[in-house]
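Undergrad: Just to be clear, the model below is a prediction. Sequence and coordinates:
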Amino acid sequence: MGWRWARPESARERRERMNPTMSPAQLRCGRLFRRDSGRSCMVAFDRTLLAGPVDHARDALGVCAAITAAGPDAVLLSPGLLKQNAALFACREAPAAVVRIDYPCVGDFTLAGEEHQRLLATPEEAQALGADAVVMCLISGYADPSREADNLARVAQTARRCEALGLPLIVEAVVWGEREGGRLDPERIARVARIAAELGADLVKAQFTGEVADMRLLAESCPVPVLILGGAAMGDDAALARFTDQAFEGGARGVIFGRNAWQRDDPERGIRELVAQVHGVGCEGHGG
Ligand SMILES: O=C(CO)COP(=O)(O)O
């Protein structure tokens with residue numbers, strides 16, 4: 001039974017798949033995407049790094065086990081949680097391990113009102129923990145512009161180190177600084193995503209406004225695949241499914257959802273449903 005595509009392959013996807021000059025980081029990036037759908041379904045369980053044991057996340061190990069059992073393509077987590085849960089990632093069927101290597105203090109996470117970002121691990125250290133890719137933020141709009149300049153430089157330096165290792169770098173490019181009034185301004189979202197790609201991100205994690213046209217602007221103006229973030233739990237699976245579908249209609253290549261994936265009574269079931277939706281299981285022509 002050969003592979004069949006859930007939808008027609010775009011020229012860009014075909015180019016990416018057939019690219020004979022693919023770099024090692026691109027090769028490893030490709031492993032985060034399913035060939036049949038061309039998409040990636042990642043679950044982010046890194047919020048507790050920033051916010052502590054929030055609702056439905058008290059049992060760190062239990063939630064990690066439920067997430068990995070549900071079969072997403074990758075799980076984003078802190079260096080500590082990967083270290084403590086390495087066994088969950090140690091088989092062929094396991095999701096890829098994506099490690100957050102920064103501590104972004106902006107928006108809800110500011111400590112004493114001060115915005116900053118610190119690195120938690122180098123790409124080499126993350127790789128030594130078993131990371132298949134790393135994530136860090138690029139934040140637009142710090143109250144202190146020098147913090148923004150430092151963040152830009154840190155992303156660029158990290159991108160160069162990741163290239164040397166062949167390790168994919170996912171940049172979470174967001175408009176979350178105090179100086180930016182509009183977190184959901186589509187032009188600003190597209191701008192910071194483009195800058196992340198120009199600095200060397202292999203994939204961009206970005207905020208979706210909910211409007212297909214905004215997603216189109218974001219996806220078309222970003223030269224690397226864009227995955228959307230989830231934000232606060234909607235508590236409404238039909239609304240979440242619509243949000244996700246609209247992002248795909250606008251050109252998103254995947255999701256990295258946190259609370260919308262695991263902040264629920266049965267995270268394993270919820271994530272299984274999300275995985276099925278992202279990959280179009282049940283769609284005509286899926287799976288061969
Ligand atoms: O907090 C996150 C940072 O990766 C992602 O999780 P949420 O989707 O819950 O916002």
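TA: Perfect, I can see it now.
Undergrad: Could you pick out the residues of the chain near the ligand for me?
TA: Neighbours of the ligand within the chain, by C-beta under 6 Å from any ligand atom: 44, 46-47, 76, 229-231, 257-260. Heads up, the C-betas are built off the backbone N, CA and C, glycines and all.
Undergrad: Scan these and report the most crowded one.
TA: Neighbour counts for these, by other C-beta atoms under 10 Å, peak at L76, which reaches 30 neighbours.
Undergrad: Looks like that residue contacts I256 (just checking).
TA: Yes. Using C-beta atoms under 8 Å, L76 makes contact with I256 at a distance of 6.1 Å.
Undergrad: Which residues are in contact with each of those two?
TA: Residues touching both L76 and I256 (C-beta atoms under 8 Å, 6 or more residues apart in numbering) are 42-44.
Undergrad: a markdown table for the residues you listed, including pLDDT and secondary structure?
TA: Listed next are the shared contacts of L76 and I256 as a markdown table, based on pLDDT from 0 to 100; DSSP: H, G, I helix; E, B strand; the rest coil:
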| residue | pLDDT | secondary structure |
| --- | --- | --- |
| M42 | 98 | strand |
| V43 | 98 | strand |
| A44 | 98 | strand |
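Undergrad: which one of those is nearest A241?
TA: V43 (16.0 Å; C-beta to C-beta).
Undergrad: now, among the shared contacts of L76 and I256, which is nearest to the ligand?
TA: A44 (3.7 Å; C-beta to the nearest ligand atom).
Undergrad: Make a markdown table out of the residues of the chain next to the ligand and add secondary structure.
TA: Shown next, in a markdown table, are these (DSSP: H, G, I helix; E, B strand; the rest coil):
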| residue | secondary structure |
| --- | --- |
| A44 | strand |
| D46 | coil |
| R47 | helix |
| L76 | strand |
| L229 | strand |
| G230 | coil |
| G231 | coil |
| F257 | strand |
| G258 | coil |
| R259 | helix |
| N260 | helix |
